[in-house]
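1. what follows is a predicted structure for the sequence shown.
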Amino acid sequence: MGTAGTSTGKVAGERRQLLNIAYRLLGSLDEAEDAVQEAYTRWYALPRARRDEIASPGAWLTTVTGRICLDVLGSARARRERYVGSWLPDPLPDRTGHGREGDGDPADLMVLDESVAMAFLVVLESMTPAERVAFVLHDVFRYPFAEIADVLGRTPAACKQLAASGRRRLRTERPPVTVAGRDDVVRQVKQAWEARNIAALVDLLDPAAVLTADGGGLVSAVLRPVEGGARIAAYMAAVADRAPGLELLERSVNGTPGLVARSGGTVLTVASFEIADGRITRMWVVRNPEKLRPWLDDV
């Protein structure tokens, strides 16, 4: 009885790791939670004798979660082609030190590091499903290729090639970013945005900057990326003009400095940035209310 209880506790204790893997693979908290729940459902559906034979329940759950995510990624491309406007990964609040991990909210269990930065996740979206699984499991979570082979149904050598391909894609599509001074740049963007100071915004934006917005067809948002610092600055000023009383707050978004816009206590927008040489090069604006649920009581 005691052994069974200990085993059950260990299996339940894998949830945090599995959710972190699934979110990085899928970019969606809801889909990640569904994938992990399905993996646990399959575990508990096994005959007791079969479960007792499995030396590492954590490895088994990781393999099954990876396979489920692979299937989801395969169908996600078709679903996102039907998505209204641009699709962006779910933005994550920073709940470090909130003491809320016991309430079961997947957002509370996320480890915020470079592998959940919006810029990183957007590049992961450009990978094939197999590349993404191999790259994330190996380069982010350090799983050996022999175990990844069980997830993908390929040889370890093939998985190694897939991870290398993902790594090349990351180097090509994500230029070096500036870490130092990001808070200052975001603070200046906030001040210029609040003041509708287009000239100041233009100075803070790279001339080739790109803004991508995700409204999901549920709220107003530009359907195509806005390109060019001057056009983005004008767009930001127009947004502020249309939303009197809009309040901007500096918050960590996916572990990096970002901005949250709210009105009347309701979060309307979460913005994250890529910064190089003291200027914004990419701006991701999530307005889809279904993706903002984790932010409801975080600001």
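-> Cool, the structure landed.
2. all strands of the stretch 151-299 of the chain, in order?
-> Taking DSSP state E, counting those that start in this stretch as the test, the strands found in the stretch 151-299 of the chain are 205-214, 226-227, 247-253, 256-263, 266-276, 279-286.
3. got a list of contacts for stretch 285-299?
-> Residues from elsewhere that reach stretch 285-299 (Cβ atoms under 8 Å, 6 or more residues apart in numbering): 29, 88, 90-93, 95, 105, 107, 211-216, 218-221, 249, 251, 260, 262, 267-271. Just so you know, the C-beta spots here come from the backbone N, C-alpha and C atoms, and that holds for glycine as well.
4. shouldn't residue 118 be in contact with residue 272?
-> Yes: the criterion here is Cβ atoms under 8 Å, and residue 118 meets it with residue 272 at 4.2 Å.
5. for the stretch 51-200 of the chain, give me the ranges with low pLDDT.
-> Regions of the stretch 51-200 of the chain meeting the criterion pLDDT under 70 cover residues 96-104, 175-178.
6. mind putting the strands of the stretch 151-299 of the chain in TSV, mean neighbour count, mean pLDDT and distance to residue 191 included?
-> What follows is these, written out as TSV (neighbours: other Cβ atoms under 10 Å; pLDDT from 0 to 100; distance: least, Cβ to Cβ, whole Å):
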stretch	mean neighbour count	mean pLDDT	distance to residue 191
strand 205-214	20	97	14
strand 226-227	16	97	21
strand 247-253	18	95	9
strand 256-263	21	94	11
strand 266-276	23	94	14
strand 279-286	23	96	14
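7. okay if I get the ones you listed as a markdown table plus distance to residue 197?
-> Shown next, in a markdown table, are these (distance: least, Cβ to Cβ, whole Å):
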| stretch | distance to residue 197 |
| --- | --- |
| strand 205-214 | 12 |
| strand 226-227 | 18 |
| strand 247-253 | 13 |
| strand 256-263 | 15 |
| strand 266-276 | 17 |
| strand 279-286 | 15 |
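8. which one of these lies nearest to residue 174?
-> strand 266-276 (8.1 Å; Cβ to Cβ).
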